[in-house]
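Peer 1: Below are the sequence and a predicted model for it; my questions follow.
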Amino acid sequence: MRKSLWLVTVLVVLGLMMAACGGGATQAPAAAPTTAAKPADKAAAPAGGAAASGKVIKFIGDANPKQWELDLVAAFEKQPGGVKVEYIKGPDSATERLAQYLQFLSAQSGDIDVYQIDVIWPGILADHMIDLKSGVPADEVNAHFKAIVDNNTVGGKLVGLPRFTDAGLLYYRKDLLQKYGYSNPPATWKELEDMAAKIQDGERKAGNDAFWGFVWQGDRYEGLTCDALEWQVSQGGGVIIDPDKKITINNPQAAAAFDRARSWVGKISPPGVTTYKEEDSRGVWQAGNAAFMRNWPYAYSLGQAADSKIKDKFDVVPIPKGEGANARNADTLGGWQLAVSKYSKNQKEAIEFVRYLAGKTGQKTSATQGSLLPTIGDLYKDADVLKAAPFFGSLFPVFSGGAVARPSTVSSDRYNEVSTAYFTQVQRVLTGEIKGAEAVANIEKDLQRIMK
Ligand code: GLC
């Protein structure tokens, strides 16, 4: 299953989403959603026409929804039925977002109808969500990549309909590589280290003190699990827990991969990278202050926006690999699904909304406007989609077989504990508190307890 999921993801290619503009959404509540339910901004309100059903559903989505997403929600509101949608902004960090969802759901709160859930969460959230097979026609479900539908199916229950898929990418500055005499982007970590150091040195000498070689996600959260898995797998360190439940993290390659990342901190990466999430890295990158960035496809279209400082100056390639025998390209698999709460009192309307966003119209919009990777195979043949994300085609061959799943299927409802144990120890290496060897031994011990 997992293998085909990688293939599929990879088959896909890029997209993007969130960002930083756009009003029209309500900030996620700190405590119970009941207190937070403020009406959506006019931007996301129905423009009229449809007969109002009087129903309002609440959708917890991105931290920073872009205007195209709010427009998409508004278009749904104009559909027959006149259902209104209140867009609630979820926390930026996937880790905090899960904690918040669990807080709402364990209280059996019906206040949120639709949740946008991470590809690693179906096993954790299954008990709180309805089986979408009951409300979504089978041919519509089957239009999505089978491996993702399988990933989202827990004990026969379809927990979420895929909205988009994701894969980690290396962003690089074409203009700077050329300026410093490099004809190709880095294929290995060593090449990246050398290029980043040289470009950083040159740009600083030229007067840009804020310039760094390489930015990525080093904060203590789910995003670090994604980055660290790439370092580890690309250097022959395995996938933490094998699909047959064997805990493989305690190995010298994984330890060395973390020590190597530690060596970047303060050298080619800012000391503050150990507090960076995706948007922190993108902030430095899009200000023109980094030669390389690890991030998801969403950053592509933002970088290409009309007002972007780096428009037309960058491109993307797979994450570099190590130099050793088992080195390979490893791009972590991500992505988001839409799930309907079992406690929702508006399940029928919620399902319609999920079908709209995850369906062809919704995914074509998110692919063309936000460069988010569709999960509906047909959209990869769509000329508008291919035009908006040209690297869909060019990256297909390199990505094939390259995207790596986190061990969420094998750990199911314990995945969050697994990931927390992992990113906690990896971050201790990044901050210089412990060495890689100690970290992998600690993670192994934690995982033996968690997976028992
Ligand atoms: C992206 C990925 C998601 C991952 C998260 C980590 O949103 O799609 O799967 O968990 O980043 O920060």
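Peer 2: Received, thanks.

Peer 1: so the residue nearest to residue 216 when sequence neighbours are not counted is in which element?
Peer 2: For residue 216, ignoring the flanking residues on the chain, the nearest one in space by CB to CB, 6 or more residues apart in numbering is residue 294 at 4.0 Å. C-beta here means a position set from N, CA and C on the backbone, and glycine is covered the same way. Assigning secondary structure by DSSP states H and E places residue 294 in strand 290-295.

Peer 1: Would you mind listing what in this structure touches the ligand?
Peer 2: Counting by CB under 6 Å from any ligand atom, the chain comes close to the ligand at 94, 118-120, 166, 222-223, 226, 278, 296, 334-336.

Peer 1: Reformat the residues you listed as CSV; add distance to residue 356, pLDDT and neighbour count.
Peer 2: Formatted as CSV, these follow (distance: CB to CB, whole Å; pLDDT from 0 to 100; neighbours: other CB atoms under 10 Å):
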residue, distance to residue 356, pLDDT, neighbour count
94, 24, 96, 24
118, 21, 98, 23
119, 20, 96, 23
120, 24, 98, 26
166, 21, 91, 26
222, 27, 98, 26
223, 29, 98, 28
226, 29, 98, 26
278, 26, 98, 23
296, 23, 95, 27
334, 22, 93, 24
335, 18, 94, 27
336, 15, 97, 23
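
Peer 1: where do the helices sit along the stretch 201-350 of the chain?
Peer 2: Taking DSSP state H, counting those that start in this stretch as the test, the helices found in the stretch 201-350 of the chain are 222-234, 252-264, 278-286, 298-303, 347-358.

Peer 1: deepest of these, which one?
Peer 2: Neighbour counts (mean count of other CB atoms under 10 Å) averaged over each of the helices of the stretch 201-350 of the chain peak at helix 222-234, with a mean of 27.

Peer 1: Please name the spatially closest residue to the residue of the stretch 251-400 of the chain found nearest the ligand (chain neighbours excluded).
Peer 2: Closest residue of the stretch 251-400 of the chain to the ligand, CB to the nearest ligand atom: residue 334 (2.7 Å). Counting by CB to CB, 6+ apart, residue 334 lies nearest to residue 166, which is 3.2 Å off, once chain neighbours are set aside.

Peer 1: Which secondary structure state does that neighbour sit in?
Peer 2: Under DSSP: H, G, I helix; E, B strand; the rest coil, the three-state class of residue 166 is strand.

Peer 1: Pull the contacting residues for it.
Peer 2: Contact partners of residue 166, counting by CB atoms under 8 Å, 6 or more residues apart in numbering, are 9, 15, 119, 296, 297, 298, 333, 334, 335, 336, 373.

Peer 1: Now with 6 Å, please.
Peer 2: Listed by CB atoms under 6 Å, 6 or more residues apart in numbering, the contact set of residue 166 reads 296, 334, 335.

Peer 1: from the residues you listed, which single one is nearest residue 58?
Peer 2: residue 335 (22.4 Å; CB to CB).

Peer 1: May I have the beta-bridge partners of the closest one?
Peer 2: residue 165 (DSSP bridges).

Peer 1: related to what we said a few turns ago, pick out the shakiest of the helices of the stretch 201-350 of the chain, pLDDT-wise.
Peer 2: Sorting the helices of the stretch 201-350 of the chain by mean pLDDT places helix 298-303 lowest, at a mean of 94.

Peer 1: how far does it sit from the chain's center?
Peer 2: 13 Å (CA atoms, centre = their mean, to the nearest Å).

Peer 1: Please determine how far the residue in the stretch 51-200 of the chain that the ligand sits nearest to is located from residue 278.
Peer 2: The ligand sits closest to residue 166 of the stretch 51-200 of the chain, with a gap of 3.5 Å, by CB to the nearest ligand atom. Using CB to CB, to the nearest Å, residue 166 is found at 11 Å from residue 278.

Peer 1: neighbours of the nearest residue to residue 359 once chain neighbours are set aside, just the number please.
Peer 2: Nearest non-adjacent residue to residue 359, counting by CB to CB, 6+ apart: residue 140, 6.8 Å away. Counted with other CB atoms under 10 Å, residues neighbouring residue 140 total 15.

Peer 1: So residue 140: helix, strand or coil?
Peer 2: Residue 140 ends up helix, using three-state DSSP.

Peer 1: Tally up the residues packed near residue 377, please.
Peer 2: If we define neighbours as other CB under 10 Å, then residue 377 has 14 of them.

Peer 1: quick one, phi psi at it?
Peer 2: Phi and psi for residue 377, reported as degrees, to the nearest 10, are phi -50, psi -40.

Peer 1: Quick check: it vs residue 137, distance?
Peer 2: In terms of CB to CB, residue 377 sits 17 Å off from residue 137.

Peer 1: go on, residue 446?
Peer 2: Counting by CB to CB - residue 446 and residue 137 are separated by 43 Å.

Peer 1: Then residue 385?
Peer 2: 23 Å.

Peer 1: just residue 431 next, same as before
Peer 2: 51 Å.

Peer 1: which of those two has more neighbours?
Peer 2: residue 431 (14 against 10).

Peer 1: these two touch, right, that one and residue 272?
Peer 2: No - counting by CB atoms under 6 Å, residue 272 is not a contact partner of residue 431; they are 11.2 Å apart.

Peer 1: Number of residues surrounding residue 440?
Peer 2: Other residues close to residue 440 by other CB under 10 Å number 28.

Peer 1: Could I get the contacting residues of it?
Peer 2: Neighbours of residue 440 in contact, by CB under 6 Å, 6+ apart: 249, 250, 254, 255.

Peer 1: Tell me the predicted confidence for the spatially closest residue to the third one that is not a sequence neighbour.
Peer 2: Here the nearest residue to residue 254 in space, its sequence neighbours aside, is residue 237; by CB to CB, 6+ apart that works out to 3.3 Å. Residue-level confidence at residue 237 comes out at 97, pLDDT.

Peer 1: Residue 237 touches residue 258, doesn't it?
Peer 2: No - contact criterion CB under 6 Å: residue 237 and residue 258 do not qualify, at 8.8 Å.

Peer 1: Report the secondary structure element holding residue 150.
Peer 2: Counting by DSSP H and E, residue 150 is found in helix 146-151.

Peer 1: returning to what we had before: output the residues of the chain next to the ligand as TSV; include the columns distance to residue 105.
Peer 2: Output for the residues of the chain next to the ligand, formatted as TSV (distance: CB to CB, whole Å):
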residue	distance to residue 105
94	16
118	14
119	18
120	16
166	23
222	18
223	22
226	24
278	25
296	26
334	22
335	21
336	17
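
Peer 1: and of these, the nearest to residue 450?
Peer 2: residue 120 (14.7 Å).

Peer 1: can you pull the contacts of residue 200?
Peer 2: When contacts are counted by CB under 6 Å, 6+ apart, residue 200 touches 211, 213.
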